[in-house]
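**Q** Fold the following, please.
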Amino acid sequence: MGASHKVSAGHEGRRPVLDSYARLSRNQAGKLEKCETQHADNVEVIEELGGVLGEKISDPKLSAWNPKVHRPGWEYQMMRVASRACDGVVLWNTDRGWRQCSDLEDMFKLIEDFDSFTLGSSHGSYNLADYNDRHQLRQEVAHNQRNSDEA
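**A** Below is the predicted model:
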């Protein structure tokens, strides 16, 4: 993943507001990964990134790949991104948000005029103002989509 380091550029000396998003899911062993557990991990990442918690947003559904599944929490999260209510989002894993490459590109359109936007996870972070980090995230989401297609 992209470099994980603390910066204040683009935030004019203030700590970035980072939302925590969680979606109910199953781990590789088939056990449920509850939203509360994911939020706890996300809050640790937010602190490591030097941010402050904006909102904890959850979806109790098990699917990010099925376009027929309604995810009101994710829709609300994207509304907060579009309105610049947050400076970034932390997810436990990127597959909680994106299993379709087209959904990621939709988010990139939302933030194309932002000076900076942080996407964090328990596995690292991306600065989506950096084209290299966007490229790496595209690869990760393509992998997520392949896993969904395979299943």
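
**Q** Can you report how many residues lie near residue 87?
**A** By the criterion of other Cβ atoms under 10 Å, residue 87 has 23 neighbours. All C-beta spots, glycine's among them, are computed from the backbone N, C-alpha and C.

**Q** And the closest residue to it other than its chain neighbours, how far from residue 61?
**A** For residue 87, ignoring the flanking residues on the chain, the nearest one in space by Cβ to Cβ, 6 or more residues apart in numbering is residue 16 at 3.7 Å. With the distance defined as Cβ to Cβ, to the nearest Å, residue 16 ends up 28 Å from residue 61.

**Q** what comes up buried for stretch 25-32?
**A** residue 25 (16 or more other Cβ atoms under 10 Å).

**Q** Would you map the strands across this protein?
**A** 17-23, 25-26, 32-33, 52-59, 88-91, 118-121, 124-127 (DSSP state E).

**Q** With distance to residue 108 and mean pLDDT as extra columns, can I get those in JSON lines?
**A** Shown next, in JSON lines, are the strands of the chain (distance: least, Cβ to Cβ, whole Å; pLDDT from 0 to 100):
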{"stretch": "strand 17-23", "distance to residue 108": "17", "mean pLDDT": "96"}
{"stretch": "strand 25-26", "distance to residue 108": "23", "mean pLDDT": "78"}
{"stretch": "strand 32-33", "distance to residue 108": "26", "mean pLDDT": "84"}
{"stretch": "strand 52-59", "distance to residue 108": "20", "mean pLDDT": "97"}
{"stretch": "strand 88-91", "distance to residue 108": "13", "mean pLDDT": "97"}
{"stretch": "strand 118-121", "distance to residue 108": "11", "mean pLDDT": "95"}
{"stretch": "strand 124-127", "distance to residue 108": "11", "mean pLDDT": "93"}
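
**Q** starting at the chain centroid, how far to stretch 104-124?
**A** Centroid displacement of stretch 104-124 relative to its chain, using Cα atoms, centre = their mean, to the nearest Å, is 8 Å.

**Q** Many thanks, have a good one.
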